[in-house]
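J.: Predicted model and sequence follow; I will ask about them next.
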Amino acid sequence: MNQTLQSVRGMNDLLPDEAEFWELFEDTVRSWLKAYGYRPIRMPIVEPTPLFKRAIGEVTDIVEKEMYSFTDSLNGEQLTLRPEGTAGCVRALIQHNLAAQQVRRLYYMGQMFRHERPQKGRYRQFHQVGVETFGLVGPDIDAELILMGARLWDDLGLDGIELQINSLGQPEERAQHRAALVAYFEQYSDLLDEDARRRLYTNPLRILDSKNPQLQEMCAGAPKLIDYLGVESLAHFEGVQRILCDAGLPYTVNPRLVRGLDYYNLTVFEWVTDRLGAQGTVCAGGRYDGLVEQLGGKPTPACGFAMGIERLVALIRDSGGTPAPVAPDVYLVHQGTEAARFAFRVAEGLRDQGVNVLLHCGGGSFKSQMKKADASGATFAVVIGDDEAATAEAQLKPLREGQGAQRKLKVSELAAAIAGQLIDSEIIDEQE
RNA sequence: GCGGCAUUAGCUCAGUCGGUAGAGCACUGGAUUGUGAUUCCAGGUGUCACCGGUUCGAUCCCGGUAUGUCGCCCCA
């Protein structure tokens, strides 16, 4: 195997079986979004590096060590392959003044790039569906975004995905809590392990997640974020929960749920499964009211989430979802010079009438062509030799059970006969 | 970025106590020269991931690299 001709580590090819699966997933996602009135937007994969530094935060792991950043050698611009979609979406919103046009609900799907060590469910090029809303203060829209998730899991036939929610409050509330938390941990600095010491000033909230049992005991008494939330923040959080309760959607309030990106405030949520090992989060999001202004736009409240497509597709696969491969209606078998010329006309004529035709190419005996017809999964073989070509006829041979014997038909009758039998067999399928 | 495990035919895998390898599936051809799926016959495939070391000799032992996988970090 030639080492130089491999895909980049963590960036994978999707072969036809897998790609068909993805198309099915994408179809489901699009009709789900349409049901909620969301409209598509497509942003570039490459954006100016400062966009992500300003949006995500200079001191986050993503910006510090995971971004594919480079200098355009032709003009010296600092560019980055997008590590997430929200920043670019907000940039587009501001640049085209979409908020003024009452565009409030948007979605996109596409690849993102983070230079992490690849693992199952975590790749350097990965794909997200992003859903963003602008100009809506919530909590109704927060709850809508959460409820949408539940419907999608249902549409995809998935269960066992659990909802966790939390409120991060406003930045000043969070800052007060963080200061109190650091002060608390400093009191017990002799108890902190190496890991916790490192996080004390970078990410003190993560200390609460420590698996060290001694630390867990001490953490139980640590200041809680919810005690630092003001009246308005609490009311917002309660408003979200009320709608979730009204909808009968079960959830867990996880006070330790935080986000890896700096721009979130108030509502945050995650949909989590225990079936994907270490990468259990399939969908996560929350409110980011300050981001639009932070990036130079007019103050605009916003809320959204992102789903990991690789993770969701893996879940669907694991739960046994394997779609039937896409098969043509007809495999067109032909032999002879005149038959070959005629076959092209027949194939195009059938396609004109809505029949999916795989035209045999490359010659070979009838026998070998029939083998390929069978392997293609086609419902029918249409067989044309020079005899048929001479009389503008074709043999219509059913390849599957219960569809009768081979018939010789005028080419002009072919499409109708195929359509008729396809409908008949669908009725039979439904009765079964 | 850190640690554990793995890497043999297109796919799934077996195997050699160190003497350069096999099965199933798939593929190709044939069973009276124009017809698939079942059956029968025949056929081919691999630098045993890559680079180096030990050895008379390595796919098997050792080291490094690459890729995957599990966990950590972090995250969708």
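T.: Arrived safely.
J.: So which bits of the stretch 151-300 of chain A are right by RNA strand B?
T.: A:195, A:199, A:203, A:206, A:209, A:211, A:258-261, A:270, A:277-284 (C-beta under 7 Å from any atom of the strand). C-beta coordinates here come from the backbone N, C-alpha and C atoms, glycine included.
J.: swap the cut-off to 10 Å and go again
T.: Contact residues, the stretch 151-300 of chain A versus RNA strand B (C-beta under 10 Å from any atom of the strand): A:195, A:198-199, A:202-203, A:205-207, A:209-212, A:258-262, A:264, A:268-272, A:274, A:276-286.
J.: Strands along the stretch 151-300 of chain A, start to end?
T.: Listed in chain order, the strands of the stretch 151-300 of chain A (DSSP state E, counting those that start in this stretch) span A:162-167, A:252-253, A:265-272, A:281-287.
J.: CSV for the ones you listed, including mean pLDDT and mean neighbour count?
T.: Shown next, in CSV, are those (pLDDT from 0 to 100; neighbours: other C-beta atoms under 10 Å):
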stretch, mean pLDDT, mean neighbour count
strand A:162-167, 94, 20
strand A:252-253, 93, 12
strand A:265-272, 94, 24
strand A:281-287, 95, 24
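J.: would you list the ones you listed in JSON lines and tack on distance to residue A:32?
T.: Output for the strands of the stretch 151-300 of chain A, formatted as JSON lines (distance: least, C-beta to C-beta, whole Å):
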{"stretch": "strand A:162-167", "distance to residue A:32": "17"}
{"stretch": "strand A:252-253", "distance to residue A:32": "24"}
{"stretch": "strand A:265-272", "distance to residue A:32": "14"}
{"stretch": "strand A:281-287", "distance to residue A:32": "12"}
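J.: Let me see the contact set for residue A:117.
T.: Residues in contact with residue A:117 (C-beta atoms under 8 Å, 6 or more residues apart in numbering) are residue A:10.
J.: Which helix or which strand is home to it?
T.: Residue A:117 belongs to no helix or strand when assigned by DSSP states H and E.
J.: The residue of the stretch 101-250 of chain A found nearest RNA strand B - nearest residue in space that isn't next to it in sequence?
T.: Per C-beta to the nearest atom of the strand, residue A:120 is where the stretch 101-250 of chain A lies closest to RNA strand B, at 2.7 Å. In this structure, residue A:120 finds its nearest non-sequential neighbour in residue A:277, 6.2 Å apart by C-beta to C-beta, 6 or more residues apart in numbering.
J.: Next up, the contacts around the one you found.
T.: Shown in contact with residue A:277 (C-beta under 8 Å, 6+ apart): A:119, A:120, A:121.
J.: The first one contacts residue A:311, correct?
T.: No - under the criterion of C-beta atoms under 8 Å, residue A:119 makes no contact with residue A:311, lying 11.2 Å away.
J.: if you count what's nearby, which of those two comes out ahead?
T.: Between residue A:119 and residue A:311, counted using other C-beta atoms under 10 Å, the more crowded position is residue A:311 (23 against 11).
J.: How about the secondary structure of that one?
T.: Following DSSP: H, G, I helix; E, B strand; the rest coil, residue A:311 is assigned to helix.
J.: Could you list the buried residues of stretch A:127-140?
T.: Residues of stretch A:127-140 classed as buried: A:127, A:128, A:129, A:130, A:131, A:132, A:133, A:134, A:135, A:136, A:138, A:139 (neighbour count, 16 or more other C-beta atoms under 10 Å).
J.: just checking, what packs against the helix or strand hosting the third one?
T.: By that I understand residue A:129. Residue A:129 belongs to strand A:125-134 when assigned by DSSP H and E. The contact analysis (3 or more C-beta pairs under 8 Å, 6 or more residues apart in numbering; DSSP states H and E) places strand A:125-134 against helix A:86-95, strand A:105-113, helix A:140-155, strand A:302-308, helix A:309-318.
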